[in-house]
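Asker: Return a 3D structure for these sequence lines:
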Amino acid sequence: MAANPLILNLYWHSYAYAHARATIFLSGVLYPILQLPWFLRDIAALLPLTYVVTAFRAVMILNAPLEAISNQIIVMSTFIVVVYSIAIPLFRRSVMR
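Answerer: Below is the predicted model of the structure:
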């Protein structure tokens, strides 16, 4: 028996909403990361949005040059390479089914 697509859509929509809210909260968009408890700071360091927010603030507020945000660019580039290297084979496998 196949799963109901409407129920699956509602399930994934609620998961995506909860994930987006948690990511925004932990990445420093709303509150500074230094005000978070230590264990949430460790989780925030794993989120790519943290590095985007840090780089964006440095450029927009401090007028930082490209060299000043090179660490954030390296982290985001690494994240992109890792995610795409996982996503492309998974997508190809799902299309071939």
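
Asker: How far does the helix or strand hosting Thr54 sit from its chain's centre?
Answerer: In the assignment (DSSP states H and E), Thr54 maps to helix 48-62. Distance of helix 48-62 from its chain centroid, counting by CA atoms, centre = their mean, to the nearest Å, is 13 Å.

Asker: How about stretch 22-40?
Answerer: 13 Å.

Asker: Could I get the average pLDDT for that stretch?
Answerer: Computed over stretch 22-40, the mean pLDDT rounds to 92.

Asker: do the same with stretch 75-89
Answerer: Averaging pLDDT along stretch 75-89 gives 95.

Asker: follow-up on the earlier one: if you count neighbours, what's buried in the helix holding Thr54?
Answerer: By neighbour count with 16 or more other CB atoms under 10 Å, helix 48-62 contains the buried residues Pro48, Leu49, Thr50, Tyr51, Val52, Val53, Thr54, Ala55. Yep, even glycine has a C-beta here, placed from its N, CA and C like the rest.

Asker: got a list of what the third one touches?
Answerer: Under the criterion of CB atoms under 8 Å, 6 or more residues apart in numbering, the contact partners of Thr50 comprise Leu26, Ser27, Gly28, Ile33, Ala44.

Asker: and what of the second one?
Answerer: Leu49 is in contact with Thr23, Ile24, Ser27, Val29, counting by CB under 8 Å, 6+ apart.

Asker: Now the host helix or strand of Val75: buried residues?
Answerer: Element membership of Val75, judged by DSSP H and E, is helix 70-96. By neighbour count on 16+ other CB under 10 Å, the buried set for helix 70-96 is Gln72, Val75, Met76.

Asker: any idea how far that helix is from the chain center?
Answerer: Centre-to-centre, helix 70-96 and its host chain are 12 Å apart (CA atoms, centre = their mean).

Asker: between it and helix 48-62, how big is the angle?
Answerer: 140 degrees (axes from the mean of the first three to the mean of the last three CA atoms, to 10 degrees).

Asker: Tell me which other helices or strands helix 70-96 touches.
Answerer: helix 48-62 (3 or more CB pairs under 8 Å, 6 or more residues apart in numbering; DSSP states H and E).

Asker: What mean pLDDT does the helix it packs on get?
Answerer: In this model, helix 48-62 carries a mean pLDDT of 94.
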